[in-house]
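1. the following comprises the amino acid sequence and a computationally predicted model.
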Amino acid sequence: MDVEVLKNEQNVLKFRWHNTNSSLANALRRVIISEVSTLAIEDVIFFENGSPMSDEQIAHILAMIPLTSPRGKYFPPDKCEEAEKERKKCRVVLTLEARAEKEPLWITSSMLISEDEEVKPVNPNIRITKLPPGRSIKLEAHAVLGKGKTHAKFQPGIAYYKFQPVIKIDYKQCTACSICVTSCPRGILKMENNKIVVVNPDECSLCALCSDKCPTRPKAIEASYLKDTVIFTIESNGNMSPIEIVDEAISVFKEKFNNVKLKVLGAEKVAK
């Protein structure tokens, strides 16, 4: 398998994956969105809530705020005993205390104070609620590790893929009428020196409008795809970088396959 990185920005990773298939690509996608652990607020204790919103509404908003999640620093709630042995924690405490004086005050994610500098809201400008003049809010939130398969708030981002598009043009059949150029919604076809050329086939959505609109018979242009090559994209919520998400997903893969291996070997010994 060969991998060619096409884009690697702050929260987006796109790569071309050669010599693979839909089963492997979909397995990686599913592991990313359901098995990679991140931190999210699970419990909220309210000491005072002078906002027009209920405790439950505010708790729900807090839970959906993405938090930076340093790898290997925290244990999930079901492994708190192991965390204590290794002198690590299984939760992070964040507090929020504010009061509106003479003017209404927007409460935002930047007002959440974390006990761990490495754990904080990815976006400081998320609005939580609005306090009327003279009202206060005070709460304590507990963030824990979790997986997307238990709740969407733990998903590190989204992952998707498509097969590598291939645009074939039969220049012997093509009349350079440019109908396919104007019909392409992605703008990946253009005229150069009275000849139709493909600018960026990776952006093709395989809608086949170019072929459908082509007036020649047989068709001078055809949109298809490679069955053994995919373009895979990961968009992170900011909890962790896309590279870290892939690395964590591969670690999950290894752990799952090792478990299968151990069970198979164990069954083999029992059979003997």
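-> Thanks, I have it.

2. might one say that residue 6 is in contact with residue 17?
-> No. Judged on Cβ atoms under 8 Å, residue 6 makes no contact with residue 17 at a distance of 10.4 Å. Where you see a C-beta, it was placed from the backbone N, CA and C, and this is true even at glycine.

3. higher neighbour count, the two?
-> residue 17 (20 against 13; other Cβ atoms under 10 Å).

4. from residue 52, how far out is that one?
-> From residue 17 across to residue 52, the span is 50 Å (Cβ to Cβ, to the nearest Å).

5. before we move on, what about residue 203?
-> 46 Å.

6. coming back round to it: got any residues that touch both of residue 6 and residue 17?
-> Residues touching both residue 6 and residue 17 (Cβ atoms under 8 Å, 6 or more residues apart in numbering): residue 231.

7. neighbours of residue 242, how many?
-> 24.

8. could you find the closest non-adjacent residue to it?
-> residue 13 (3.4 Å; Cβ to Cβ, 6 or more residues apart in numbering).

9. tell me who's in contact with the one you found.
-> Counting by Cβ under 8 Å, 6+ apart, the residues that residue 13 touches are 5, 7, 233, 234, 236, 242, 243, 245, 246.

10. run the last query once more with 10 Å
-> 5-7, 157, 159, 232-236, 241-246 (Cβ atoms under 10 Å, 6 or more residues apart in numbering).

11. same thing with residue 247?
-> Going by Cβ under 10 Å, 6+ apart, residue 247 touches 36, 71, 240, 241.

12. tell me the buried residues within those residues.
-> With burial judged by 16 or more other Cβ atoms under 10 Å, the buried subset of the contacts of residue 247 is 36, 240, 241.

13. was I right about residue 194 contacting residue 178?
-> Yes. Residue 194 lies in contact with residue 178 (Cβ atoms under 10 Å); the separation is 9.5 Å.

14. which of those two has more neighbours?
-> residue 178 (13 against 7).

15. give the closest residue to that one in space, chain neighbours not counted.
-> residue 191 (5.5 Å).

16. next, count neighbours for the one you found.
-> 11.

17. could you list the buried residues of the longest strand seen in the chain?
-> Longest strand in the chain, counting residues (DSSP state E): strand 221-236. Within strand 221-236, the residues scored as buried using 16+ other Cβ under 10 Å are 221, 223, 225, 229, 230, 231, 232, 233, 234, 235, 236.

18. look up how far residue 162 lies from the fifth one.
-> As defined by Cβ to Cβ, residue 230 lies at a distance of 7 Å from residue 162.

19. shared neighbours, those two?
-> Jointly contacting residue 230 and residue 162 under the rule Cβ under 10 Å, 6+ apart are residue 25.

20. for the residue nearest to residue 154 when sequence neighbours are not counted, grab the count of nearby residues.
-> Of all residues not flanking residue 154 in the chain, residue 146 sits nearest, at 3.9 Å (Cβ to Cβ, 6+ apart). The criterion is other Cβ under 10 Å. On that basis, residue 146 has 18 neighbouring residues.
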